[in-house]
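A.B. asks: quick one, fold the following:
(2 chains)
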Amino acid sequence: MQFQNETMNVKITKGLDLKIDGGATDTMLDFALPDLFHIRPDDFRWLTPKLLVQPGDRVQIGTPLFADKKEERVVTVSPVAGSVKEIVRGEKRVIEEITIVRNCETALETLVDFDDPTDGESARKLLLQYGLWPCLRQRPYSVIPNPDISPKSVFIPCFDSNPLAPDFNILMRDKEEHFRHGLKMLHLAAENAPIHLCMRKDAENELFETVENVQKHYFSGPHPAGNVGTHIHHIDPIGKGETVWFIDPQEVARIGCFFAEHKLQFGKTAALTGPEVKATGYFQTIHGADLSAFLSDSLTQKDVRIISGSILNGRKLTDNPTLSFHDHQISVIAEGGKREFIGWLLPGLKKWSLSHTFLAWLTPKRTYAVNTSLQGGRRAFMMTDVYDKVFPFDLMPLQLLKACEIKDLEQMEALGIYEVDSEDFALCELVCPSKKECQKIVEDAIFELRTQN
Amino acid sequence: MRKFNALLDAMDTFLRTPATVTDGRCHVRDAVDMKRIMITVMIALCPALLFGWWNVGYQHFLAIGGETALWPCLWYGFLKWLPLVIVTYVSGLGVEVLFAQIRKEEVAEGFFVTGFLIPMIMPPDVPLWIVAVATIFAVIFGKEVFGGTGYNFLNPALLARAFVFFAYPSVISGDKVWISGADAVTGATPLALVMNGHPEAMPSTWELFFGTIPGCIGETCKIAILIGAAILIFTQVADWRIMLSVFVGGYATAVVCQLTGLCPVAAHDQLLMGGFMFGAVFMATDPVTAAHTRNGKYFYGLLIGILAILIRTLNKGYPEGMMLAILLMNIFAPLIDWCIVQNHIKRRRKTLDL
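C.D. replies: Residues are numbered from 1 along each chain as shown, chains lettered A, B, ... in the order given. Take a look at the predicted model:
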């Protein structure tokens, strides 16, 4: 498809905003950076790590911890200076995490010496060398991009429409200059591929509005208006064999800071949200920082689920909760599982549902304190129209899910699998009356697809 | 006890919502599940059922010349319906539980509605053993052999009715079963009479609409069916696209039949006669056996409407074409979907220039 060199206004009509309590208030929370860091290879999809450190090794900011076995130029580095305490392995000796004890006396940023890049290749080389390359991800597959393949375009989602999502204006505070410089370097690294900034229409986008040499697009409507999959689909859809990069604005600023000031740092602003949080707000952290102490003071009760990311597609954190590499939000909701007597028959004044089968539709403005109950048994696909209501793609969600379920790769390709990823099916999973794990079905299928390609 | 796992589990989750929590990527879930959807369909069926009870009694007392007071009529109908529904549920759920046990799966709720529907589309005086045989046949061969609820392509309730019609024509045929407990009285449905050359038997439009005519328990009162339709559409349990297109297809065909003189009945009366409306609202909209694609649903509905009226008009032997039309389109629904999906793929290829 020909690239459209113009601003686009896209109105999303299919989708929904889950109204729940616990959005982040505009306050900075008191967060003391802990000593303990847990770096998890699992933060990067399907990455098989090749360990580069041993327990006891001293590490600096930027010391490679592990490389991608399939592409050894891609390394993940230590975000702090300290020493490796432990390599935690799981089943089949899979590396689950690398535990690092931070040396509290050292700074959280380090100066590095390099010649400023003049072409794409040298820029990519520097990003790879200093562990900033994994900030980028590519569609299809949402994996770290192959450094040898230039993308046809780069997408930067400038707002998040997930439930309780943080405000990007707060996340990007004091990072304006770095963001601008980061865009320039990204342009260079992507071999001048067009950069698309996708903003919420009629919202405050001061920072994003002032940057130049990018395509600006405006999205309105409910979630998933802010998902990068939605943006790509409406602006520059991906066909077979094409690659698109996407990156979070905070990571662009990090890259900008690196090239402008030669400073390597991994700090980021994240939001603490959810109905089970005493005081919501924002905090300055580093991915991998152990949040146990911080969270134990902030929660209203013990029986909760802590999620890195949003409640629709985040990662459940059990021991040693940390913020994942690509996330900017911690959500906390109550664990469910309370059994209700003839629950399927009760009027359901406080039950959230997209359908009008519960009387809660009488109060459309109320917010809900949701929990993790599955609220039903797993069944075969039965209702055929529910997914269409929350799936703003020119694709057939039910047929695509069925093709994914049986891993019919040819049919998946024909139905447009390259344009979507598991997170695009988050709302389908949310509303599915058959309680299907739509995101897992898609993830497994595209894993198969990638292996075959 | 392990042998009864499926049964125990079904009873357990029937009484109390399951304790399962989410373990996938999406940590919260919509409160709706298949049980809730099924119970909503049953609530939507209730007005038609209540009227059906009354009408069975009313037709009975009318035929034997008794008084037609409200409560005796209701009670009489209820007593006629009760054994039917018990037999249906016991036989159908028995098969369901057995298959769930063999497959080590949970009992799917599909049969709640199927078992509720079957007595409503049977003539009131149908022998109970036939109901049991038909139900078991429909559940096994309509559903379980294909993998259970969600994998079936024929509407099990309609299959039960079709089974009775084709397997026991001598028992169900004739006019005896349509008015309960009045063997001596000829009580054919108005539909059958009109189609077989007795236009004078045609009830008024109002009678057709209100439902004080002989017929299946659930199908006579169009007001009650419309209330049910409103519930289904509002709760988003059934697809309005199908209902609408069935009516459009049916009405258009009825108008053509009337104008060409094929059928003496007025087009609007056609829609009110027999099981057309009941089928359009409660049978054609079964999400599993209907077309699955949005656009496919329009074709599916239109063809049901057209076929139902055509069968009714052209085949005097069996005036009730709705059942056959829906079953036939159940079979064609996957083909409709296939065409829609292929068209979608082709269109996408073109716009994406792949």
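A.B. asks: and the helices in the stretch 351-453 of chain A?
C.D. replies: Remark: helices assigned in the stretch 351-453 of chain A by DSSP state H, counting those that start in this stretch are A:397-405, A:409-414, A:426-431, A:438-452.
A.B. asks: output those helices in a markdown table; the columns should cover mean neighbour count, mean pLDDT and distance to chain B.
C.D. replies: C-betas here are computed from N, CA, C, even on glycine. What follows is those, written out as a markdown table (neighbours: other CB atoms under 10 Å in any protein chain shown; pLDDT from 0 to 100; distance: least, CB to the nearest CB, whole Å):
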| stretch | mean neighbour count | mean pLDDT | distance to chain B |
| --- | --- | --- | --- |
| helix A:397-405 | 22 | 95 | 6 |
| helix A:409-414 | 17 | 94 | 5 |
| helix A:426-431 | 26 | 95 | 4 |
| helix A:438-452 | 19 | 94 | 4 |
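A.B. asks: element containing whichever residue of the stretch 151-300 of chain A sits closest to chain B?
C.D. replies: Residue of the stretch 151-300 of chain A nearest chain B, by CB to the nearest CB: A:G239 (4.8 Å). With secondary structure defined by DSSP states H and E, A:G239 is part of neither a helix nor a strand.
A.B. asks: that one contacts B:R348, correct?
C.D. replies: No: using CB atoms under 8 Å, A:G239 makes no contact with B:R348, being 9.8 Å away.
A.B. asks: count the neighbours of A:T13 for me.
C.D. replies: If you count neighbours by other CB atoms under 10 Å in any protein chain shown, A:T13 ends up with 10.
A.B. asks: that one should be in a helix, yeah?
C.D. replies: No: membership of A:T13 in a helix is not supported by DSSP: H, G, I helix; E, B strand; the rest coil, which gives coil.
A.B. asks: tell me the contacts of the residue nearest to it when sequence neighbours are not counted?
C.D. replies: Nearest residue to A:T13 in three dimensions, chain neighbours excluded: A:G221, at 6.0 Å (CB to CB, 6 or more residues apart in numbering or on different chains). Under the criterion of CB atoms under 8 Å, 6 or more residues apart in numbering or on different chains, the contact partners of A:G221 comprise A:K11, A:I12, A:T13, A:G15, A:P392.
A.B. asks: please state the backbone phi and psi of A:G221?
C.D. replies: According to degrees, to the nearest 10, the main-chain angles of A:G221 amount to phi 110, psi -180.
A.B. asks: over to A:D174?
C.D. replies: As for A:D174, its main-chain torsions (degrees, to the nearest 10) stand at phi 60, psi 20.
A.B. asks: can you tell me how far it is from B:V97?
C.D. replies: Summarising the geometry, the distance separating A:D174 from B:V97, computed by CB to CB, to the nearest Å, is 64 Å.
A.B. asks: show the pLDDT at A:Q2.
C.D. replies: According to the per-residue confidence, A:Q2 scores 41 in pLDDT.
A.B. asks: lowest-confidence helix or strand of the chain?
C.D. replies: Let's take chain A. Of all the helices and strands that make up chain A, the one with the lowest confidence by mean pLDDT, DSSP states H and E is helix A:206-210; it has a mean of 88.
A.B. asks: oops, chain B please
C.D. replies: When the helices and strands of chain B are compared on mean pLDDT, DSSP H and E, helix B:190-195 comes out lowest with a mean of 66.
A.B. asks: I'd like the next helix or strand past that one.
C.D. replies: Elements were assigned by DSSP H and E; along the chain past helix B:190-195, the next helix or strand is helix B:205-210.
A.B. asks: interface residues of the stretch 101-250 of chain A facing chain B?
C.D. replies: For the stretch 101-250 of chain A, the residues in contact with chain B under the definition CB under 8 Å from any CB of the partner chain are A:P237, A:G239, A:K240.
A.B. asks: neighbour-wise, which of the residues you listed leads?
C.D. replies: A:P237 (19 neighbours).
A.B. asks: phi, psi for it please.
C.D. replies: Backbone torsions of A:P237, given as degrees, to the nearest 10, read phi -60, psi 150.
A.B. asks: and the nearest residue to it once chain neighbours are set aside, how many neighbours?
C.D. replies: In space, not counting the residues next to it along the chain, A:P237 is nearest to A:E419; the distance is 5.6 Å by CB to CB, 6+ apart. Counted with other CB under 10 Å, the burial measure for A:E419 works out to 23 neighbours.
A.B. asks: you'd agree A:P347 is in a strand?
C.D. replies: No: using three-state DSSP, the secondary structure at A:P347 is coil, not a strand.
A.B. asks: quick revisit: for B:A280, find the nearest of the helices of the stretch 351-453 of chain A.
C.D. replies: Proximity to B:A280, assessed across the helices of the stretch 351-453 of chain A by CB to CB, is greatest for helix A:397-405 (23.0 Å).
A.B. asks: quick one: that closest one to helix A:438-452, angle?
C.D. replies: 50 degrees (axes from the mean of the first three to the mean of the last three CA atoms, to 10 degrees).
A.B. asks: who are the packing partners of helix A:397-405?
C.D. replies: Using 3 or more CB pairs under 8 Å, 6 or more residues apart in numbering or on different chains; DSSP states H and E, the elements in contact with helix A:397-405 are helix A:409-414, helix A:438-452.
A.B. asks: can you tell me the element A:L272 falls in?
C.D. replies: With DSSP H and E as the criterion, A:L272 is inside strand A:267-273.
A.B. asks: for the stretch 251-354 of chain B, which residue gets nearest to chain A?
C.D. replies: Taking CB to the nearest CB, chain A has its nearest neighbour within the stretch 251-354 of chain B at B:H292, 4.3 Å off.
A.B. asks: count of residues packed around the residue nearest to A:F358 when sequence neighbours are not counted?
C.D. replies: With sequence-adjacent residues excluded and distances taken as CB to CB, 6+ apart, A:F358 is closest to A:G348, at 3.1 Å. Taking other CB under 10 Å as the neighbour definition, A:G348 ends up with a count of 19.
A.B. asks: enumerate the positions of the helix or strand encompassing B:G77 that are buried.
C.D. replies: Using DSSP H and E, B:G77 falls within helix B:70-103. In terms of neighbour count (16 or more other CB atoms under 10 Å in any protein chain shown), helix B:70-103 has its buried residues at B:72-74, B:76-78, B:80-81, B:84-85, B:87-89, B:91-101.
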